[in-house]
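Chemist: task: produce atomic coordinates for the following.
(2 chains)
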Amino acid sequence: NAGVMQNPRHLVRRRGQEARLRCSPMKGHSHVYWYRQLPEEGLKFMVYLQKENIIDESGMPKERFSAEFPKEGPSILRIQQVVRGDSAAYFCASSPTMGQLNTEAFFGQGTRLTVV
Amino acid sequence: SQQGEEDPQALSIQEGENATMNCSYKTSINNLQWYRQNSGRGLVHLILIRSNEREKHSGRLRVTLDTSKKSSSLLITASRAADTASYFCATDSTDSWGKLQFGAGTQVVVTP
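Modeler: Sure, this is the predicted structure:
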């Protein structure tokens, strides 16, 4: 049973380009969370999705960022017109039930985005 | 200050010594989780403690939770060089749909 799979592991983009980060949750998990980690900081919640639904996007920047979790395929975090400040590690976590009530969150290895 | 704030920010000890780090939070929680992160790597789940639990053990790890003080501690006994990492606490608040709030972490360096 593979864990949470994120790809790519490393992504380099020039300013103004688009970044697409993928997350395949653990088998049987239908809830996905995205977090961002800036250097020397903890993880910050971005968005919580179920299949085809955004449940909580309170941590998403208002512009340029979007997320989806289609019925088939991985969850995608999309960043349009990237800027240097978007450089960070982006982590995905999945869980089998609504929220993560009393169950551990399973995290992927992250995608490290560098904007040059 | 932010939810899930760790103290100290950094800790340097020798192999064999114990390492203790603390976490404070602000809201009511369902559970509190501790994670380890090696430099440039993903998060490894260590322990989950529920709001109705006071203490939990896993190998060389001991976690306590005091909901009246809104604080938790992580103790690593008989530390090893391989324990060198950043340690984060994360809280699952009762009103947050299960999203986790992380602190900035405690950097632990264990020297041989």
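
Chemist: so the residue nearest to residue B:54 when sequence neighbours are not counted is in which element?
Modeler: Leaving aside its sequence neighbours, residue B:54 sits nearest to residue B:65 (Cβ to Cβ, 6 or more residues apart in numbering or on different chains; 5.9 Å). Every C-beta, even on glycine, is put in place using the N, C-alpha and C of the backbone. Using DSSP states H and E, residue B:65 falls within strand B:61-66.

Chemist: tell me, how many residues neighbour the residue nearest to residue B:54?
Modeler: Counted by other Cβ atoms under 10 Å in any protein chain shown, the residues lying close to residue B:65 total 21.

Chemist: isn't it right up against residue B:47?
Modeler: No - using Cβ atoms under 8 Å, residue B:65 is not in contact with residue B:47, being 10.2 Å away.

Chemist: follow-up on the earlier one: next up, the contacts around the residue nearest to residue B:54.
Modeler: Residue B:65 makes contacts with B:32, B:49, B:51, B:53, B:54, B:55, B:56, B:71, B:72, as judged by Cβ atoms under 8 Å, 6 or more residues apart in numbering or on different chains.

Chemist: what does the helix or strand of chain A with the lowest mean pLDDT rub up against?
Modeler: Lowest on mean pLDDT, DSSP states H and E among the helices and strands of chain A sits strand A:106-107, with a mean of 87. Strand A:106-107 is contacted by residues A:3-4, A:26, A:29, A:91-95, B:35, B:42-43, B:45 when judged by Cβ under 8 Å, 6+ apart.

Chemist: quick one: buried ones out of these?
Modeler: The neighbour-count test (16 or more other Cβ atoms under 10 Å in any protein chain shown) marks A:4, A:26, A:91, A:92, A:93, A:94, A:95, B:35, B:42, B:43 as buried among the contacts of strand A:106-107.

Chemist: spatially nearest residue to residue B:107 (excluding sequence neighbours)?
Modeler: If the residues on either side of it in the chain are set aside, residue B:107 comes closest to residue B:10, at 4.5 Å by Cβ to Cβ, 6+ apart.

Chemist: and residue B:53, by the same measure?
Modeler: Distances taken as Cβ to Cβ, 6+ apart put residue B:65 closest to residue B:53, at 6.2 Å, once the chain neighbours are dropped.

Chemist: give me the below-cutoff pLDDT ranges for chain B.
Modeler: Along chain B, segments meeting pLDDT under 70 span B:1-4, B:97-98.

Chemist: what's around residue A:35, how many residues?
Modeler: Using other Cβ under 10 Å, residue A:35 is surrounded by 25 other residues.

Chemist: thought it was touching residue A:41?
Modeler: No - the pair residue A:35 and residue A:41 does not pass the contact test of Cβ under 8 Å, sitting 10.9 Å apart.
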